[in-house]
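K.L.:
need coordinates for the following:
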Amino acid sequence: MKKILFLCSGLLLLLSGCLNDPEKDIKKVVTTFFKEYKGDFRAADKALISTELAGLIDKAAAKELQEAENMKKSAFPTDKPIMIEGDIFTSLYEGQNAFTIGEITIEGSKATVTVDFKNTLYAINWKDKVALIQDGSGWKIDDVYYKEQESSGSTKKQLQQVILAKGVPVE
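P.N.:
Coordinates of the predicted model:
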C-alpha cells in the first residue's frame, strides 16, 4: 500500500511539474514575437497573434492593395494611396531593436505585459503595454497599447483606421 501511495504521489508531483506556467508561456510568446518581428506588419507571425488581430492585418493589407490599384485608375495617379507606414507593433515609427519584459498581469484568459523597448540607433527608450488573450491553442498577442495608454492608440486602432479610411474615388 505504501508503494502505491508513494508511486501515486510521485506521479502527481511529476504531472504538476508538466503543467504550463502562464507567466512563462506569456513571456515566451512576447519574446518570440518581438525577436522575430522585423517591422512589416504584413509579415507578422500569425501563430503568435489572435484571430481577430490577424483578420485586421489581412483586411488592412487588402485595403492597401486595393487603394494602390484604385490610384492607378484615378485622375490623380501620382497621389499616395492609403497605407500603413512605420512599425504598428510599437509606439515608435522606427520600431525597436531591443526590449525587456516587464510586469505581467493575468486576469483569467487575458493578460497584459509591460514591455520596455529601446531603439539604440535613435537612443530612445519607452514602454508599451501588450495585451494577450488565451485561446484553445495558448496565449496570443491581441493588441499593443502605445505608451501604456489604451486611449492614446494601439495596433488595432491603426489597422481599423486604414480599413475604414476613404480613399480617392475611381474616376
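K.L.:
neighbours of E103, how many?
P.N.:
Applying the criterion other C-beta atoms under 10 Å, we find 10 residues in the vicinity of E103. Using the backbone N, CA and C atoms, a C-beta is placed for each residue, glycine as well.
K.L.:
do T120 as well
P.N.:
When counting by other C-beta under 10 Å, one arrives at 10 neighbours for T120.
K.L.:
mind listing what it touches?
P.N.:
By C-beta atoms under 8 Å, 6 or more residues apart in numbering, the residues touching T120 are N97, A98.
K.L.:
need the pLDDT of it.
P.N.:
Among the per-residue scores, T120 shows a pLDDT of 96.
K.L.:
ramachandran angles for it?
P.N.:
T120 adopts backbone torsions of phi -70, psi -30, taken as degrees, to the nearest 10.
K.L.:
now swap in G102 and tell me
P.N.:
Residue torsions, per degrees, to the nearest 10, at G102 are phi -100, psi -140.
K.L.:
longest strand in the chain, please.
P.N.:
Secondary structure of the chain per DSSP state E: the longest strand is strand 124-135.
K.L.:
what lies in contact with that one?
P.N.:
Contacts of strand 124-135 (C-beta under 8 Å, 6+ apart): 22, 26, 29-30, 50-51, 90-92, 102, 109-118, 139-150.
K.L.:
run the last query once more with 6 Å
P.N.:
Strand 124-135 is touched from outside by 26, 30, 50, 90-91, 109-118, 139-146, 148, with contacts defined as C-beta atoms under 6 Å, 6 or more residues apart in numbering.
K.L.:
repeat for stretch 47-58
P.N.:
If you take C-beta under 6 Å, 6+ apart as the criterion, stretch 47-58 is touched by V29, F33, F41, K46, I133, K140, I141, D142, L159.
K.L.:
now do 10 Å
P.N.:
28-30, 32-34, 36-37, 41-46, 84, 88-89, 131-135, 137-144, 155-160, 162-163 (C-beta atoms under 10 Å, 6 or more residues apart in numbering).
K.L.:
against G153, how distant is Y93?
P.N.:
In this view, Y93 and G153 are 12 Å apart by C-beta to C-beta, to the nearest Å.
K.L.:
for F33, same thing?
P.N.:
Applying C-beta to C-beta to F33 and G153 gives a distance of 19 Å.
K.L.:
just the buried residues from the contacts of strand 124-135, in PyMOL please.
P.N.:
To isolate the buried ones among the contacts of strand 124-135 in PyMOL, judged by 16 or more other C-beta atoms under 10 Å, type:
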select buried, resi 26+30+50+90+91+111+112+113+114+115+117+118+139+140+141+142+143+144+145+146
